[in-house]
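Could you work out the structure for the sequence below:
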Amino acid sequence: MKLCFLVILCLIIQAPFISSQSLVIELFRHGARSPSQGTFDNSWDSYGYGELTSVGMRQHYILGAAISQTYPTLTPYDPTTVYVRSCDKNRTIMSAYCHLYGVYNGLGPNLPDTISHQMTWPPYDPDILAQVDTNNASALPNNFMPVPIHSVDSGEDYILESYKNCPDLSDIYYAHTDDDTVNEVFQELNSTVSYINSQLPNQPIKTMKDLKNFGDTAIANLYYGKTIPANIQPSSPMFNDIVFADQWYEVYPTLATKKQRQTFVAPLMWQINDYINGVKNGSSSLKFIVLSAHETTLMLILTGIGLVTPECLRANWEAIRQDNAVPYPLCSYPIFASQIVFEYYNTTDPYIVVKYNDMVIDFCNTGNGICSLNEFINVSSAITGKMGYADFLKVCGITTPNQQTT
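Have a look, this model is predicted:
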C-alpha cells in the first residue's frame, strides 16, 4: 500500500537545539467533548452535544501549563507578541481559553496601588458592589490573564476549516463516503457491527456513518467515565474496531484524493509561512501564535507530509487485528488535545523544527529534524502542489471570497 512521503518520516529525531525560538506556532485539537449526537446515548441531552467537557477543559489547562514550561520566553503575556485564533465553535473557543489559562496562570495584572477600589466599580448599586468586591490587589481573582481570541465565521474560514468551505470538491467527498474502500472496511467490521446490533436492536448500525457515530459516542463516554453503549469494554478488540471506524471515517472521505489533500492544506500552509516570513523580515513582532481547531485541521498537515494518513491508519488497524506489529508506528491519529508545534529560530541561517505531540518529526526529510527556511518553503510548496490563493479559489469554485483570510 503506497503512502505518499511516509518513508521520509520513519524516525523521531531528537536534535540539539541551542538557541531560543523566535516564534512558536501551536496548532491544536480541542479537548474531550460530548458526542456529536445522542442516537446511542441520550444521557448527554442535558449537557449538550459536541460541547467541551470538564475533562477537555482540564486537558487544555494542563497542556497550556506544559507549553509555558517548555517555552518560558512566551510569558508574561504581551499583546504585541501573542495572537490567538480559533475555529468558530464552542469547543475550540473554550479549549483556547482553557489552554491560555494554563499558559498564563497567575500572571495577570494587579490594580494600581494609587487608586481606591471604588474607582474600579461600574455604575451599579453601590451596596451590591460593596458585597461582591473582593478587595483583592489583582485585577481579576487569582491574577487571571484574559487573552483575546479571534475567529471568523465558520463558513468563511479558509485557514482552519478549508475542507468545509470548498464547494466544488464536495462531490469528491460524497463519492468517497460510500465507495468500494468504505464498503471493504465496513465488511471487515461485520462481526463488531453484528454484536452491536444484537445489543441495540432499536438502533441498528447499517452504514459506516452509523458505526462512526457509535464510535464517536464510545470515545466521548470513555473520556468522561461513562459506560460505553452495548457494554463494550475499552480493553477489548471490539473497542479498537469502533475507535478505528470513528477516526478513519472522519478523514477518509475528506482526504481520499491528492487533489483534496493539496487544496485543503494550502491556505493553512500559506498562513504558517506568512507568520514565519513576517518575523524573518521584521514586519511582525509576534512570538506566540495559537490556532485552536479540529482533528481534521491537524490531519491536513499530517497527511500532507505522509506521517498520518487514512491508508496507514487502516494498515495499523488491520495489523493489530491479526496480533501483528504495526507497520507504521508513527501513524498516530490526533486525539483530543493533540498539537503540532512549529518552532522558528531566526538565526543567521534561519531554521524550523516541527513537533507532533511533543515529538520532533523529520518534516523536511533532512535526517536531523531541522528544516532550513528554504527547505521548509520547498516542502510547503510540494504538499500544496504549488497552489496559490487564486488557484484555491478556482478549484473550490469560490467567486466571492471573504476578506478575512488572516
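
Endpoint to endpoint, stretch 338-353 covers what distance?
17 Å (C-alpha to C-alpha, to the nearest Å).

what comes up buried for the longest helix seen in the chain?
In the chain, with assignment by DSSP state H, the single longest helix is helix 258-280. Across helix 258-280, burial judged by 16 or more other C-beta atoms under 10 Å covers 260-273, 275-276, 279. C-betas here are computed from N, CA, C, even on glycine.

Can you list the strands that the helix or strand just after that helix pairs with?
Using DSSP states H and E, the helix or strand that directly follows helix 258-280 along the chain is strand 288-293. With DSSP bridges as the test, strand 288-293 is paired with strand 23-29 (parallel), strand 82-86 (parallel).

Please name whichever of the ones you listed is nearest to residue 227.
strand 23-29 (24.9 Å; C-beta to C-beta).

That closest one vs helix 258-280, what angle?
Strand 23-29 and helix 258-280 are oriented at 150 degrees to each other (axes from the mean of the first three to the mean of the last three C-alpha atoms, to 10 degrees).

who's in contact with strand 23-29?
60, 63, 67, 71, 74, 95, 99, 272, 275-276, 279, 286-295, 297-298, 301, 334-344, 346 (C-beta atoms under 8 Å, 6 or more residues apart in numbering).

returning to what we had before: which neighbouring elements make contact with the longest helix of the chain?
Applying 3 or more C-beta pairs under 8 Å, 6 or more residues apart in numbering; DSSP states H and E, we find helix 258-280 packed against strand 23-29, helix 170-175, helix 237-255, helix 295-304, strand 339-345, helix 373-383, helix 389-396.

Name the residue most distant from the centre of this structure?
Most distant residue from the mean C-alpha position of the chain: residue 127, 46.2 Å away (C-alpha atoms, centre = their mean).

helix or strand for it, which one?
helix 126-132.

That helix - contacts with which helices or strands?
Secondary elements touching helix 126-132 (3+ C-beta pairs under 8 Å, 6+ apart): none.

please begin residue numbering at 52 from this point
Happy to do that; since the first residue is 52 now, the last one works out to helix 177-183.

picking that back up, CA atoms only: put the longest helix of the chain into CSV for me.
Extracted in CSV, the C-alpha atoms of helix 309-331 (Å, rounded to 0.1, in the frame of the first residue of the first chain):
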residue,chain,number,x,y,z
LYS,A,309,-4.4,14.1,-3.9
LYS,A,310,-6.5,16.9,-5.1
GLN,A,311,-8.3,17.2,-1.7
ARG,A,312,-5.1,17.0,0.3
GLN,A,313,-3.3,19.6,-1.7
THR,A,314,-6.2,22.0,-1.9
PHE,A,315,-7.3,21.9,1.8
VAL,A,316,-3.8,22.2,3.3
ALA,A,317,-2.8,25.1,1.0
PRO,A,318,-4.4,28.1,2.9
LEU,A,319,-3.1,26.8,6.3
MET,A,320,0.5,26.4,5.0
TRP,A,321,0.5,29.8,3.3
GLN,A,322,-0.6,31.3,6.7
ILE,A,323,2.2,29.5,8.6
ASN,A,324,4.8,30.6,6.1
ASP,A,325,3.5,34.2,6.2
TYR,A,326,3.8,34.2,10.0
ILE,A,327,7.4,32.9,9.8
ASN,A,328,8.3,35.4,7.0
GLY,A,329,6.9,38.3,9.0
VAL,A,330,9.3,37.5,11.8
LYS,A,331,12.2,36.9,9.5
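
and the angle from that helix to helix 424-434?
What separates the directions of helix 309-331 and helix 424-434 is an angle of 160 degrees, with the same axes, to 10 degrees.

Any idea how far helix 309-331 is from the middle of the chain?
Between the centre of helix 309-331 and the centre of its chain there are 15 Å (C-alpha atoms, centre = their mean, to the nearest Å).

What mean pLDDT does stretch 444-457 get?
Confidence for stretch 444-457, expressed as mean pLDDT, is 76.

how near is the nearest residue to residue 99 once chain neighbours are set aside to residue 271?
Closest residue in space to residue 99, ignoring its immediate chain neighbours: residue 85 at 6.4 Å, by C-beta to C-beta, 6 or more residues apart in numbering. As for residue 85, its distance to residue 271 is 6 Å (criterion: C-beta to C-beta, to the nearest Å).
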